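Novice: Output the structure for:
(2 chains)
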Amino acid sequence: DSGVTQTPKHLITATGQRVTLRCSPRSGDLSVYWYQQSLDQGLQFLIQYYNGEERAKGNILERFSAQQFPDLHSELNLSSLELGDSALYFCASSPPSRGAINEQFFGPGTRLTVL
Amino acid sequence: EDQVTQSPEALRLQEGESSSLNCSYTVSGLRGLFWYRQDPGKGPEFLFTLYSAGEEKEKERLKATLTKKESFLHITAPKPEDSATYLCAVRTGNQFYFGTGTSLTVIP
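Specialist: Purely as a prediction, here's the structure:
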């Protein structure tokens, strides 16, 4: 158990809908990362937040957005869902860097199925 | 274009048969290379971080090495519980790029 929690574990919805995925980082970690893992593309970095502020953006679609709240939990919002958005969505957290590039601790993931 | 390539895609080993997994990368400004292990249906589990060419890290039966163009994950005398997908990732700037992994099966 990495200490990172994600809810829900599974989510089934229809095309055009909007969903919210939630992540709680490990105690003391300030950074939260979101990734999408699909069978054909592997892990794709979406976005990083550090202590409530957006720090880096990867291949995140405009239909997707995220935020990190004062208690450091994060939410990933996916809207106008398409069949191709079906994937595993992982959240990861890492401790304050203090100059080093720290490892990331991954949660168990949310499996999203769009029908 | 920044890219991470892992080989082989799949590897079957007999228990005790040592081997190496490869991760080659073409990125500008490497800030760290990471190895993760992922079991089916679970999140990746951190193994190692390497920062500069020549660096080596070791943990139990695993040893990771780094050159300017690639990294190797050496598995010595593997056991069935080492069966998993091994992922390599690089950080460049504030971006992270993952390879598609090597699926390792260790047969008793």
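Novice: Could I get the full set of strands for chain A?
Specialist: With DSSP state E applied, chain A shows strands at A:5-7, A:10-13, A:19-24, A:31-38, A:42-50, A:53-57, A:64-68, A:74-78, A:87-94, A:105-106, A:110-114, listed in chain order.
Novice: just checking, next helix/strand downstream of the helix-or-strand element of chain B with minimal mean pLDDT?
Specialist: Evaluated with mean pLDDT, DSSP states H and E, the helix-and-strand set of chain B has its lowest mean pLDDT in strand B:95-98, which scores a mean of 90. Sequence order places strand B:102-107 as the next helix or strand after strand B:95-98, per DSSP states H and E.
Novice: Show the average pLDDT along that following strand.
Specialist: Per-residue pLDDT values over strand B:102-107 give a mean of 97.
Novice: Kindly report the same for stretch A:67-77.
Specialist: Along stretch A:67-77, the predicted confidence averages to a pLDDT of 97.
Novice: Also stretch B:43-53?
Specialist: Within the predicted structure, the mean pLDDT of stretch B:43-53 is 92.
Novice: and that stretch, does that touch chain A?
Specialist: Yes. Stretch B:43-53 comes into contact with chain A (CB under 8 Å from any CB of the partner chain), by way of B:43-46, B:49, B:51. The C-beta positions use only the backbone N, C-alpha and C, and glycine is treated the same way.
Novice: Hmm, A:Asn59 is touching A:Gly42, no?
Specialist: No. No contact is recorded between A:Asn59 and A:Gly42 when judged using CB atoms under 8 Å, the distance being 11.6 Å.
Novice: more crowded one of those two?
Specialist: Each of A:Asn59 and A:Gly42 has its neighbours counted (other CB atoms under 10 Å in any protein chain shown); A:Gly42 has more, 19 against 13.
Novice: What strand or helix carries B:Pro78?
Specialist: Secondary structure here is read from DSSP H and E; on that basis B:Pro78 sits in neither a helix nor a strand.
Novice: Can you give me every residue that contacts it?
Specialist: With CB atoms under 8 Å, 6 or more residues apart in numbering or on different chains as the criterion, the residues that contact B:Pro78 are B:13, B:15-19, B:61, B:104, B:106.
Novice: got it, and A:Gln41?
Specialist: Taking CB under 8 Å, 6+ apart as the definition of contact, the neighbours of A:Gln41 are B:Thr100.
Novice: what about A:Leu46, how many residues close to it?
Specialist: Under the neighbour criterion other CB under 10 Å, A:Leu46 is assigned a count of 22.
Novice: Please flag which of the residues of stretch B:43-53 next to chain A sit within strands.
Specialist: With strands taken from DSSP E, the overlap with the residues of stretch B:43-53 next to chain A comprises B:45-46, B:49.
Novice: Could you measure from B:Ala64 over to B:Glu81?
Specialist: Summarising the geometry, the distance separating B:Ala64 from B:Glu81, computed by CB to CB, to the nearest Å, is 19 Å.
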